[in-house]
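# give me coordinates for this.
(one chain, ligands or ions: 1)
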Amino acid sequence: MSTSQKIFTLAMVRKTNALLLGLKKKGFGEGKWNGFGGKVEKDETISEGAVRELEEESGLVAKCLTKIGILEFEFVGDPVLFEVHVFDVTQYEGEPVETEEMKPQWFPEDGIPYEKMWPDDILWYPLYLKGIKFRGHFLYQGYDTILNYTLTQMDHL
Ligand SMILES: Nc1nc(SCCc2ccccc2)c2[nH]cnc2n1
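Purely as a prediction, here's the structure:
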């Protein structure tokens, strides 16, 4: 039983058959390729937070976001439940630039570097890339081992 929930965003930027990922240079998830995201501030909606974090971390300005998933992460021994709202971004302005937080790179959809990403990604990316919305819950031991999980397709989020 987790005593508190913290809301985070994760923006997945896509163009024809390619996905933009960022190599996290510091902080939570350092050294892993991931979408762009972070905390949601008190004075913003979840999608406003997603737009802000994407611009801060990649320089891209999202013009349209679609909520495509909700992922809950629990870490053994940590009472905080991470609730991550995942968005698909296909309309954006600008070119991706390296920032203090992230080094961006385009990957072909059949060349995703799962071995250098969070272990849950290989489980839900295939749903995302097929346009299937999802809700998942993952129990982690440390940051590399998933003890158990549920992953459900959703018609609406
Ligand atoms: N793909 C993925 N992302 C995250 S955290 C993403 C949201 C975030 C949270 C805090 C700082 C920056 C970004 C994960 N955690 C556990 N598995 C995971 N998989």
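# spit out the contact partners of residue 157.
Contacts for residue 157 (C-beta atoms under 8 Å, 6 or more residues apart in numbering) come out as 67, 68, 69, 70, 133, 135. Quick note: C-beta positions are derived from backbone N, CA and C, even for glycine.
# that's a strand at the second one, yeah?
Yes - residue assignment for residue 68, taken from DSSP: H, G, I helix; E, B strand; the rest coil, places it within a strand.
# test my guess that residue 90 contacts residue 65.
No - the pair residue 90 / residue 65 is not scored as a contact, 9.1 Å apart, by C-beta atoms under 8 Å.
# quick one: secondary structure of residue 51?
Counting by three-state DSSP, the backbone at residue 51 sits in helix.
# brain fart, residue 126
Under three-state DSSP, the three-state class of residue 126 is helix.
# quick one: contacts for it?
So residue 126 contacts nothing (C-beta under 8 Å, 6+ apart).
# going forward, begin numbering at 306 instead of 1
Sounds good: first residue 306 from here, last item residue 431.
# list phi and psi for the one residue in the chain that gets nearest to the ligand.
With C-beta to the nearest ligand atom, the shortest gap between the chain and the ligand falls at residue 423, namely 3.2 Å. With angles defined as degrees, to the nearest 10, residue 423 sits at phi -60, psi 140.
# what about it, distance to residue 441?
12 Å (C-beta to C-beta, to the nearest Å).
# what does the protein put close to the ligand?
313, 315, 333, 334, 339, 342, 343, 378, 389, 423, 425, 426 (C-beta under 6 Å from any ligand atom).
# and the strands in this structure?
Taking DSSP state E as the criterion, the chain carries its strands at 309-320, 323-329, 338-339, 341-344, 366-380, 383-398, 407-413, 438-446, 450-459.
# so what strands line up beside the fourth one?
Which is strand 341-344. strand 309-320 (antiparallel) (DSSP bridges).
# what sits up against the strand it pairs with?
Strand 309-320 is contacted from outside by 324-325, 339-345, 351-352, 354-356, 358-359, 363, 365, 367, 370, 373, 376, 384-395, 397, 401, 411, 433, using C-beta under 8 Å, 6+ apart.
# below-threshold pLDDT in the chain: ranges please.
Where the chain drops to pLDDT under 70, the residues are 306-307.
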